[in-house]
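Peer 1: All I have is the shape, not the residue letters:
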């Protein structure tokens, strides 16, 4: 809830964003809201640090996050909010497609 207020976003606005939306089509404040949600998991390099995620995620989520890191960590033209959005979207899509 604090992240919603901080980025002046409503839950309805967040839920209205299609999961398959191109990162360029997602409002900036929504992307920064996603960064706020997972800010504790960012290492000093500005990327998700799996050690910081640790046991806050289950084994499936840890595996998916590792795959998402491989897909997104080397993309250089992302700002920090774009990266966070892509990582969370990747996690949700990975969970959706998991057996």
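Peer 2: That came through, no problem. Given the structure is predicted, the values throughout are model-derived calculations rather than measurements. Numbering: from 1, shown residues only.
Peer 1: The helix or strand harbouring residue 88 - contacts with which helices or strands?
Peer 2: Per DSSP states H and E, residue 88 falls inside helix 80-96. Of the remaining helices and strands, those touching helix 80-96 by 3 or more Cβ pairs under 8 Å, 6 or more residues apart in numbering; DSSP states H and E are helix 28-37, helix 59-72. Where C-beta positions appear, they are placed from N, C-alpha and C, glycine not excepted.
Peer 1: quick one: which of these is nearest residue 19?
Peer 2: Taking Cβ to Cβ, helix 28-37 is the member of the helices and strands packed on helix 80-96 nearest to residue 19, at 12.0 Å.
Peer 1: Pull the residues that contact the closest one.
Peer 2: 2-4, 6-9, 13-14, 17, 23, 42, 80-85, 88 (Cβ atoms under 8 Å, 6 or more residues apart in numbering).
Peer 1: Give me the buried entries from those.
Peer 2: By neighbour count, with 16 or more other Cβ atoms under 10 Å, the contacts of helix 28-37 hold 3-4, 7, 9, 14, 17, 42, 81-85, 88 as buried.
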